[in-house]
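*Asks:* Fold the following and give me the result.
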Amino acid sequence: IPDAGARARGLRTRVIYCRPMFESTPEHADHVPLPAPPSPYFSGWITLLSTLVVAALLGLYTWPLSSSPLLGLDRPEESLERLVSSELDLRAALQHAPAWEVALYALLAGSGDPIEESIVWYEELTETLDAPRAEIYRQILLAEAGRPARASPALASAEWMGAAYGEAPLEADAGRTLIAEIRERLPENWFADTLVARVAARIDERASQAQAESAIAARGASLLRRSRVLGAGQGLLLALGLAGLAAVLTRRAPLAVGAASVPPTWPFGDGYALFIRGVAGLLGVGIAAGALLPEGSALLHLAGFASGIPMLWWTIRYLSARGGGPAAAFGLRITADGGSGLVTAICVVIGLGIAGDGIITVVAGALGLHTHWADGFPEEILWDPGWRLVIGTIDGGLWTPVVEEIAFRGVLYASLRRVTRVTPAVLGSAAIFAAAHGYGPVGFTSALWSGILWAVAYERTKSLLPGILAHAVNNLMVTVTYLWLYR
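*Replies:* Here you go, the predicted structure:
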């Protein structure tokens, strides 16, 4: 279910206890015998109605996005400009980087030509939306790829393109005038500097050419430094995760954290009724807020918090009626010797999540599967004012992990364990979790990996805490990455 702050491409954290990953202990070992059930807590008719409401709301949510992911963005033209310009600045800086770093970047980001890929994105954007500046950028990309197209005379870029890439003689004064126009009408980015450098080179205006090329190099060098810091941070998390996994596999580190009953004490029917009511509330609040509140309303940015309340309210109410609470039901109280297990489990979850995402990226690239740039693109990180960014970060980095882990692992996965063994319960809950986020094939696979790891972590540690904390780290890493590289 899409959340406000963690819909990113790539970079997702998750994880697993690998020995033996999907083997279950005998059913009687972790079952708590249930007394004869009283009259049903949940009304079957309301559960059926909630199921129909969820199906209808999911259709309402996904229908507008079925034609193009661009329609799900508020500022697709500006977002694509920032994404492509930053990528091309970084690629320019990589030309001076060590060969091993270039090879590693190509492995993880794809070895395809970024200009050709950007041309495809801009062609889709100009065909889908009225975006005059995007057409100018498309013309520049085509010319840089060695296949300039004839620009429409109605576009300001027609004269610019002729001056930059044409064969007709260009007078110095005319070239300087065009350079001034480009600087006035286009923002400072890779496109404007590339165009200025081409025009300046044709009129032998070396100062303007050097200034434009230096601007590209400076932005690229800054992005490369930041990418190295982010990469080093992920490398450290990966190393800690692998070290923790080795300690677990050699039985030198425990994984016990809490004392949740998995499978739980409630019957499957109650678990399904609880889950579907929470999902209906989550979808209903989100869609109602979008339909009733005016665009730009500050209250829209609180909808992410409000949409999770029905799930938590139903869960707390149901558990209280059974004489318990979330802390006991989901293993949120750390056992006396569970502290070290919690640290180990979190490291393993995050490390295997990073490793899994890297493998997914490499395999997807080898198979020719590409993620659409707008698929889960967190544009609010780029464009929201500071106070909204803070709210979104708290929502996506703290609130959403709690709500989603209780819903998908604490309720859904645990309820499936009442009627099946570990493997089908893990895969089933993870598939529903991944599908609910609405990503494309690569994003779905990454979210599926998350769901698998977090479900197995709950099974092995008997606590939702490792999954909640790893989920939070995942979402915060996405926020930091887009904030630092693209905002």
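
*Asks:* So which bits of stretch 195-215 are buried?
*Replies:* 195-203, 205, 208-209, 212-213, 215 (16 or more other CB atoms under 10 Å). In short, each C-beta sits where N, CA and C put it, glycine included.

*Asks:* Now for the nearest residue to residue 420 once chain neighbours are set aside, how many residues are close by?
*Replies:* Sequence neighbours aside, residue 428 is the residue nearest to residue 420 in space, at 7.7 Å (criterion: CB to CB, 6 or more residues apart in numbering). Applying other CB atoms under 10 Å, we find 16 other residues in the vicinity of residue 428.

*Asks:* which helix in this protein runs the most residues?
*Replies:* Assignment by DSSP state H gives helix 206-249 as the longest helix of the chain.

*Asks:* picking that back up, right, and the residue nearest to residue 420 touches residue 415 too?
*Replies:* No: assessed by CB atoms under 8 Å, residue 428 is found out of contact with residue 415, at 10.3 Å.

*Asks:* what is the mean pLDDT for stretch 146-161?
*Replies:* In this model, stretch 146-161 carries a mean pLDDT of 71.

*Asks:* How confident is the prediction for residue 470, by pLDDT?
*Replies:* Predicted confidence (pLDDT) for residue 470: 96.

*Asks:* Which helix or which strand is home to it?
*Replies:* Counting by DSSP states H and E, the element that carries residue 470 is helix 465-486.

*Asks:* Give me the pLDDT value at the residue nearest to residue 58 when sequence neighbours are not counted.
*Replies:* Spatial nearest neighbour of residue 58, excluding adjacent residues (CB to CB, 6+ apart): residue 283 at 6.9 Å. Looking at residue 283, its pLDDT stands at 88.

*Asks:* And residue 283, how far from residue 55?
*Replies:* Note on residue 283: its distance to residue 55, by CB to CB, to the nearest Å, is 10 Å.

*Asks:* Please apply the same query to residue 97.
*Replies:* 50 Å.

*Asks:* One more: residue 255?
*Replies:* 38 Å.

*Asks:* Compare these two and say which is more crowded by neighbours.
*Replies:* Higher neighbour count among residue 255 and residue 55: residue 255, with 22 against 12, using other CB under 10 Å.

*Asks:* Next, the more buried one: secondary structure please.
*Replies:* What DSSP: H, G, I helix; E, B strand; the rest coil gives for residue 255 is coil.

*Asks:* And the strand or helix carrying residue 277, how far out from the chain middle?
*Replies:* Secondary structure from DSSP H and E places residue 277 in helix 268-292. On the basis of CA atoms, centre = their mean, to the nearest Å, helix 268-292 sits 22 Å off its chain's mean C-alpha point.

*Asks:* Following it in sequence, what is the next regular element?
*Replies:* Downstream of helix 268-292, the next assigned helix or strand under DSSP H and E is helix 303-321.

*Asks:* Which other helices and strands does that next one contact?
*Replies:* helix 268-292, helix 326-329, helix 400-404 (3 or more CB pairs under 8 Å, 6 or more residues apart in numbering; DSSP states H and E).
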